[in-house]
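A.B. asks: Predicted structure and sequence below. I'll ask about it afterward.
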Amino acid sequence: MIDDHPDDHTAVVSGGDRISYGRLRREIAATRGALASLGLDEGDRVAILCGTNARFVRSWLAIIGCGYVGVPLNPQSPAAEIQRELQEVGAAAVIVGPAGVLPLSQIDRAAVPSLRFLLTPTRREIDSSIDFDELVKNAEAVPIVPRVDDDLAALLFTSGTAGIPKAAMLTHGNLAANLHQVQNAPVRCTRPDDVTLCVVPLFHVLGLNSILDLALYAGATIILIERFDPVSMLEMVADEQASILVGPPTMWAALSQIENPPPDAMLSVRLAVSGAAPIPARVVRNCHDSLGVDIAEGYGLTEASPSVSLSAGTGAPVGSIGRPIPGIEMRLVDADGDDVYIGDAGEIIVRGDNVFPGYWQDPEATARVLDPDGWLHTGDLAVVNDDGYLFIVDRAKDLIIVSGFNVYPAEVERVLVTHPAVAEAAVVGVAHPHTGEAVKAYVVPRAGRTIEEDDLIDWCATELARYKCPSKIDEVDELPHGLGGKVLRRQLD
C-alpha cells in the first residue's frame, strides 16, 4: 500500500509528529518484526485498542502485513463490551494505546482463553502485559507476508443489516477493491498532493478504509485528530492547507455553527464529504453559507468496505447520495426481489468485489443479507429519479444512528432487562440536534420495584459504549405488542 511513495513525502501527522513515508515503512517493518517474534500463526486475530493516532496506523498495517487479521475496537467501550468482542473473534493478542488501558485492565482474562498477549504502551502496564514499544525498538524488521484477495484482513463489529452487533469479515480483496473503485471516481480520487484531515475513529470502517487506507494508498498526507474541537479543526484546515475533509453530519453541523469563521478558513478544501449517516439539508446549506464549502454526500456500509455511492462531481441535488461509484452494481428491488420503477421506493442491494463474504462464524446471519447471486441486501430503502440520482427514504428497520454509529434497539434492550427492577423494555431513536439521533428507552417496572432513570442509564454504561446508552428513559405501565407478541416500536412516541 505504501511501498511506492517517495521517502521524504509526509505520510502521517499525529500529535504534532510528522512521519514521512520512508520512516513509516521502517516503523511498520519493525512492528511486524515485534509481532512475528510472538510466534502467532497466520490468520490469528489481533485486536487494536487505540485512538486515532500513529500507533493505530503502525499496528494496523503491521498486523495485516504479517498475515494476521486486524480487529479494531473502540477504546472508549466499557470492559464488558470489549471482553465480549475479544471472546467472539477469539483474539490471540491485543495492541493497546493509552486510551484502551483502563477498560482492558478490567476484563476477565479467564473469560477470553484465546488471549495470549497484551501489548501495552511503555508508560502504562497491565498485569502480565508486554511492553510493546520496547519490543518494537529491539525487533528486527521482517518482510510482508504475501496475501491473496480471499484472505481475511479485518473483522469489524457492526450492527449493519444483521440486527445485532456482528463481526463483519473483510478480505484483502474487499478492502483493495473499494480503494480502486473510489479512485476510479474522478472527482473523489485522492491525489499525492492532497492533505486529508481525519477525525473519524479508525475502528470505524469509514475512518479505516475510506480515509486512512485511501490516503496512504494514494500517497497523500493524512492528519490524524484524536479529539474533535470545531474551532481547533478549522484552524488546522487553514494551517495545514487541508484539501480533503470527510466526516459524519455531526462534524459538519458543529463546524457550521462556529461564529464568525475566517472567510478563507476552508479555501484549500477541494472535497468535502459527509458519510456514516444522512446529513440534513439545513447543515449543507449552513456550511455553504458560513464556510463556503459544498458538501457531497456518500452512502456505504461496513459490509461493502464501505463506499457504495457518492454525489461529488455528479451534479446531484442536495439530499441525494449520487450514483454508484465505478465497479459497483446496484439495484432497487421490491419485496419479491423485482426491480422497482423510477420514483418508487425499493431496497438497495449491492454487488461487487468490495462486498464482504459474511459475518464471522455466523452463516445464518450471513444468509439473511447475502443471496446466492452475491447481492448484499442492505435493508435501506431508496428511490431513483429520472436523472439516475439516488435518494435514501428509509433505512434498515429499527436502526438508530448516533453520530454516525449504528445502534440496534435489541442490543440495548437486552441490557436494560437484566436490571432487577425492569420487567420489559423497548428502545427507539429520537431526533437530537447534535448527534442526529439519540437512544430513548421505555421500561416497564417489575411489581413492587422503583426505577431510577440515572441508575438505569449508569447500568447500561457498564455494558455498552456510551453512544449506545439511553439518554432518556420513560417508565410506562405496558408496551404495545402485536398479535405475535412482538413489541411494536413504531407505536412508541
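C.D. replies: Sure thing, it's come through.

A.B. asks: Give me the number of neighbouring residues for Leu381.
C.D. replies: Using other CB atoms under 10 Å, Leu381 has 18 neighbouring residues. Every C-beta, even on glycine, is put in place using the N, C-alpha and C of the backbone.

A.B. asks: That one against Ala345, yeah?
C.D. replies: Yes. Because the distance of 4.9 Å satisfies CB atoms under 8 Å, Leu381 is recorded as touching Ala345.

A.B. asks: Distance of the spatially closest residue to Arg55 that is not a sequence neighbour relative to Leu156?
C.D. replies: Sequence neighbours aside, Gly97 is the residue nearest to Arg55 in space, at 5.1 Å (criterion: CB to CB, 6 or more residues apart in numbering). From Gly97 over to Leu156 the distance is 18 Å, taken as CB to CB, to the nearest Å.

A.B. asks: When the two are compared, which one has more neighbours?
C.D. replies: Neighbour count, other CB under 10 Å: between Gly97 and Leu156, Leu156 has more, with 25 against 22.

A.B. asks: which regions of the stretch 201-350 of the chain lie under the pLDDT threshold?
C.D. replies: By pLDDT under 70, the stretch 201-350 of the chain contains no weakly predicted segment.

A.B. asks: can you map out the strands along it?
C.D. replies: If DSSP state E, counting those that start in this stretch is used as the criterion, the strands of the stretch 201-350 of the chain fall at 221-224, 244-247, 271-274, 295-300, 307-310, 323-324, 329-333, 346-351.

A.B. asks: Show me what the shortest one pairs with in its sheet, parallel or antiparallel.
C.D. replies: If I follow you right, that is strand 323-324. Paired with strand 323-324 in the same sheet, following DSSP bridges, are strand 307-310 (antiparallel).

A.B. asks: Check the third one too.
C.D. replies: The sheet places strand 271-274 alongside strand 244-247 (parallel), strand 295-300 (parallel), with pairing taken from DSSP bridges.

A.B. asks: and Pro470, which of these is closest to it?
C.D. replies: Counting by CB to CB, Pro470 lies closest to strand 244-247 out of those; the figure is 25.1 Å.

A.B. asks: neighbouring contacts of that closest one?
C.D. replies: The set of residues that contact strand 244-247 without belonging to it, under CB atoms under 8 Å, 6 or more residues apart in numbering, is 190, 194-200, 206, 210-211, 215, 220, 237, 266, 269-275, 293.

A.B. asks: In ChimeraX, select just the buried ones from those residues.
C.D. replies: Here is the ChimeraX selection string for the buried members of the contacts of strand 244-247, based on 16 or more other CB atoms under 10 Å:
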select :190,194,195,196,197,198,199,200,206,210,211,215,220,237,266,269,271,272,273,274,275,293
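
A.B. asks: biggest helix in this protein, by residue count?
C.D. replies: In the chain, ranked by residue count with DSSP state H as the criterion, the top helix is helix 21-36.

A.B. asks: hmm, who's touching that helix?
C.D. replies: Applying CB under 8 Å, 6+ apart, the set of residues contacting helix 21-36 from outside is 2-3, 5-12, 19, 46, 57-59, 61-63, 65-66, 68, 93, 132, 135-137, 139-144, 219.

A.B. asks: can you check stretch 65-73 too?
C.D. replies: 28, 32, 35-36, 40, 42-49, 56, 59-60, 63-64, 82, 85-86, 89, 91, 94, 100, 142, 144-145, 147, 151-157, 167, 202-203, 208.

A.B. asks: Tell me the buried residues within these.
C.D. replies: If we count by 16+ other CB under 10 Å, the contacts of stretch 65-73 have these buried: 28, 32, 35-36, 40, 44-49, 56, 59-60, 63-64, 82, 85-86, 89, 91, 94, 100, 142, 144, 147, 151-157, 167, 202-203, 208.
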